[in-house]
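Student: Sequence plus predicted model, see below.
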Amino acid sequence: MKLTVNLEKNSYPIYIENHILADAGTYIKEVFHGRKIMIVSDDNVYPIYGDALSEVLEADFEVFHLVLPHGEATKKFESLPLIYDALLQARFSRSDLLIALGGGVIGDLAGFAAASFLRGIKLVQIPTSLLAQVDSSVGGKVAVDLPQGKNLVGAFYQPSLVLIDPEVLQTLPDHFIHDGMGEVIKYGCIQDPELFSLLETHTSFADLKDELGNIIYRCVDCKRVVVEEDQFDTGSRMLLNFGHTLAHTIEQYYHYERESHGEAVAIGMYQLTKLAEEKGLTPDGTSIRIQDLLTIYGLPSSCGVALGALTEAIALDKKNLNNHLNLILLHGIGDSYIYPAALDFFDDTERIV
């Protein structure tokens, strides 16, 4: 399956196909005509897929690799010099290519390195987690975290190519499958009621196996449409942030060591929708449907923290503009909208979320 993100000179193809890594060189040669490739990965992913990918590419390119520790703690400013140094040691020029092979952390971190090294070198995303395949590898948002918050230093930098192999998900621990399902459910909530209904008819991720390629395609296609309309996140692309205002603060509260991103998004979607229902901004019963679906796919709906403990981080969130937030709420499942709000939307500081 092929999709194309149409952004004029920044357009690029996305291929979704089982075992596509075995033919990665063919696809890369369509978009890259230089000589050197740096594969940036982590110590979970590279031992499984890195050597095989290198062997495929070495027929046509000079291939290098850098393996970083896995986990959100790696997505920090201090990791960037490690990538820059590897690129300098290999004498990379602006005509060379960086491949991000991994989940969302590697995609964001390596993507930002590609955007900033020599003011930009070519980037290919090869996402190996469900979350990265359905969301973070597409759309050109790359970033690192600061101690004060998530993704506070970043750029918009589109890849030249995205290669998605659903088969690699078979090697993922259940924790990372649940993580990705948070973003899959998000797409059903904001834009695709049929996807939401499809997910409701199954009993677990394992039960979805025959539908997996189609589900990834639907999520990526939803994101493609939004990115084409609003590449730089000033309008409709903000709908993709459903659940994220609370999610980012939950992740930060626990220093990125407890809830994963997808789990935090799950909590954020449910808790924000419940708040919106109480304020008459979302129809009653919407949050229950979301909570029931989260339960099916092993995702949490609460984290046990008082809302007041999260408001300081909400104030620092990059979506907070002049003390105003553009919250993403639902008219119903599959029908989202932008709701301008002040920080006092979260005024029930004793509320446990």
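Tutor: Perfect, thanks for sending it.
Student: show me what contacts Glu167?
Tutor: 18-19 (Cβ atoms under 8 Å, 6 or more residues apart in numbering). The C-beta positions use only the backbone N, C-alpha and C, and glycine is treated the same way.
Student: switch the cut-off to 10 Å
Tutor: Residues in contact with Glu167 (Cβ atoms under 10 Å, 6 or more residues apart in numbering) are 17-21, 212-213.
Student: got those as a markdown table, with distance to Lys29 and neighbour count columns?
Tutor: Formatted as a markdown table, these follow (distance: Cβ to Cβ, whole Å; neighbours: other Cβ atoms under 10 Å):
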| residue | distance to Lys29 | neighbour count |
| --- | --- | --- |
| Glu17 | 16 | 16 |
| Asn18 | 21 | 13 |
| His19 | 18 | 10 |
| Ile20 | 14 | 18 |
| Leu21 | 15 | 20 |
| Leu212 | 28 | 18 |
| Gly213 | 24 | 16 |
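Student: Do a quick rundown of the helices in the stretch 101-250 of the chain.
Tutor: 104-116, 130-131, 174-190, 193-200, 212-229, 244-253 (DSSP state H, counting those that start in this stretch).
Student: hang on, the earlier thing: how about the contacts of Glu167, which pair is most distant?
Tutor: Greatest spacing in these, by Cβ to Cβ: Leu21 and Leu212 (16.3 Å).
Student: Can I get the contacts of Glu167 in TSV including pLDDT and distance to Asp51?
Tutor: Below are these laid out as TSV (pLDDT from 0 to 100; distance: Cβ to Cβ, whole Å):
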residue	pLDDT	distance to Asp51
Glu17	95	21
Asn18	94	20
His19	94	16
Ile20	95	17
Leu21	94	11
Leu212	90	25
Gly213	90	26
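Student: of these, closest to Val153?
Tutor: Out of the contacts of Glu167, the member with the shortest distance to Val153 (by Cβ to Cβ) is Leu21, at 30.4 Å.
Student: got a list of what the closest residue to the closest one other than its chain neighbours touches?
Tutor: Nearest residue to Leu21, sequence neighbours excluded (Cβ to Cβ, 6 or more residues apart in numbering): Asp165, at 5.4 Å. Neighbour list for Asp165: 15-22, 24, 49, 126-128, 133, 216 [criterion: Cβ under 10 Å, 6+ apart].
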